[in-house]
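Asks: sequence and predicted model, in that order:
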Amino acid sequence: MGHSYCTNFVHCVFSTKDRCDSIPNEMQERLWAYIRGIAENELPLLAIGGTNNHVHLLVALPASLSLSQTINKLKSNSSRWFGEHGISFSWQEGYGAFSVGASQVTRVKNYIANQAEHHRRRNFEEEFVELLKLYGVSFDPAHVYG
């Protein structure tokens with residue numbers, strides 16, 4: 001076979017340092033747009049959304065990129081962007097990344113688009129543990145958040 005064919009849809013989640021409400025409401029759409037800009041040259045970003053203390057991304061990760069390097073690039077550049085706007089900001093170390101089948105892409109996009117609604121019923125910590133369970137990730141509850 002002369003070409004590589006690859007489809008890796010990944011639902012990524014990462015939070016602000018100590019899960020503090022560090023992303024002001026009025027900055028969220030600008031931050032999401034900035035992260036889209038970081039990604040646009042090499043990473044198809046299918047959805048982005050979040051709240052004051054975390055972000056969700058749905059990416060189509062190409063075979064040429066590693067997940068950890070991609071997340072690091074998005075986090076470091078967006079943190080720098082906040083600093084350029086006079087806001088002291090940093091992301092929590094680590095992230096969640098969950099593979100998504102092609103048939104579930106629309107469902108995950110909708111989930112990401114409706115973060116404000118989801119968080120009327122549960123906080124980020126509850127949501128993240130629910131995602132770990134949903135995707136079958138083994139974890140120690142005492143060490144999920146660092």
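Replies: Structure's in. What do you need? Numbers count the residues shown, from 1 in each chain.

Asks: mind listing what's buried along the lowest-mean-pLDDT helix or strand in the chain?
Replies: When the helices and strands of the chain are scored by mean pLDDT, DSSP states H and E, helix 115-118 comes last with a mean of 84. Neighbour-count burial for helix 115-118, counted by 16 or more other C-beta atoms under 10 Å, picks out 115, 118. Using the backbone N, CA and C atoms, a C-beta is placed for each residue, glycine as well.

Asks: next: stretch 123-133.
Replies: 124, 127-129, 131-132.

Asks: circling back: which residues does the helix or strand that the least confident helix or strand of the chain is followed by contact?
Replies: Once the chain leaves helix 115-118, the next helix or strand it forms, by DSSP states H and E, is helix 124-134. Around helix 124-134, the neighbours that count as contacts under C-beta atoms under 8 Å, 6 or more residues apart in numbering are 11, 13, 15, 19, 51, 53-54, 96, 98, 118-119, 122, 139, 141, 144-145.

Asks: what about 6 Å?
Replies: 19, 53-54, 139 (C-beta atoms under 6 Å, 6 or more residues apart in numbering).

Asks: can you pick the most crowded of those?
Replies: His54 (26 neighbours; other C-beta atoms under 10 Å).

Asks: just the pLDDT for Met1.
Replies: pLDDT for Met1: 59.

Asks: hang on, Pro44 packs against Ala60?
Replies: Yes - applying C-beta atoms under 6 Å, one finds Pro44 in contact with Ala60, separated by 4.0 Å.

Asks: between the two, who's got more neighbours?
Replies: Ala60 (16 against 12).

Asks: let's have the buried residues of stretch 123-133 in a markdown table, adding distance to Glu84 and pLDDT.
Replies: Formatted as a markdown table, the buried residues of stretch 123-133 follow (distance: C-beta to C-beta, whole Å; pLDDT from 0 to 100):
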| residue | distance to Glu84 | pLDDT |
| --- | --- | --- |
| Phe124 | 26 | 89 |
| Glu127 | 30 | 91 |
| Phe128 | 29 | 91 |
| Val129 | 34 | 92 |
| Leu131 | 31 | 93 |
| Leu132 | 34 | 93 |
